[in-house]
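Trainee: using only what follows, build the 3D model:
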Amino acid sequence: MKRLYILFFLGVTIISADAHAAETHGDKKNVLLWYDAFSKRDPALLDRILSKNWVDVPPAPDQPPGPAGARQILVELTTAFPDLDIKIEDVLQEGSKVIVRSKISGTQRGGLMGFRAKNRKMSIQAIDIHEFKNGKIVRTWHTEDWMSGFHQLGVFEK
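Mentor: Numbering: from 1, shown residues only. I've put the predicted structure just below:
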């Protein structure tokens, strides 16, 4: 009788672990919707992946809270860089957090953060950490190498 109980307990644990693994694998796959939204210039994809209370850390200047802020960033970036390309380099997951290392590139054709376009190309590295809850991104921490990007774009030239 004790053995059956232990086997039953182990069976439940294995089933539970498999369900958790499937959920986290889904997060790792679903995070790509964030990047697809920018590549396809489709803000509806952001609505599919972001929770209603999504938090962006740090937010851009004058960025509204929640998914509206993400939609604003999408429009600003794809307007400034009509050929914007985000290439995923690595996707890692630890618990409820999915880490993405990417390369952002494009040619600046419109103003960005008050800097006029000089029709120059840039390519920068970015790291995003997306926290998931119930299949949606609830928080994103991000770091982009804008200093290198601004140098490439000629922002600091006299």
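Trainee: now do Leu4, the pLDDT please.
Mentor: Here the pLDDT value assigned to Leu4 is 42.
Trainee: would you say Trp34 is within a strand?
Mentor: No - per DSSP: H, G, I helix; E, B strand; the rest coil, Trp34 lies outside any strand segment and is helix.
Trainee: ok, it - how many residues close by?
Mentor: 22 (other Cβ atoms under 10 Å). No exception for glycine: its C-beta is placed from N, CA and C like everyone else's.
Trainee: was I right to think it contacts Ile129?
Mentor: No - counting by Cβ atoms under 8 Å, Trp34 does not reach Ile129; the two are 11.8 Å apart.
Trainee: mutual contacts of the two, please.
Mentor: Jointly contacting Trp34 and Ile129 under the rule Cβ atoms under 8 Å, 6 or more residues apart in numbering are Thr140.
Trainee: ok, now which ones touch Glu43?
Mentor: Check again: residue 43 is Pro, not Glu. Ala37, Ala70, Arg71, Leu74, Val75.
Trainee: so the fourth one is in which element?
Mentor: Read that as Leu74. Element membership for Leu74, per DSSP states H and E: helix 67-80.
Trainee: now that helix - C-alpha only, CSV.
Mentor: Only the C-alpha atoms of helix 67-80 are listed here, as CSV (Å, rounded to 0.1, in the frame of the first residue of the first chain):
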residue,chain,number,x,y,z
PRO,A,67,0.1,48.3,-24.0
ALA,A,68,-0.7,51.8,-25.4
GLY,A,69,3.0,52.7,-24.6
ALA,A,70,4.2,49.7,-26.5
ARG,A,71,2.0,50.7,-29.5
GLN,A,72,3.5,54.2,-29.3
ILE,A,73,7.1,52.8,-29.3
LEU,A,74,6.3,50.6,-32.3
VAL,A,75,5.0,53.6,-34.3
GLU,A,76,7.9,55.8,-33.3
LEU,A,77,10.5,53.3,-34.2
THR,A,78,9.0,52.1,-37.4
THR,A,79,8.4,55.7,-38.5
ALA,A,80,12.0,56.7,-37.7
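Trainee: cool, thanks, talk later.
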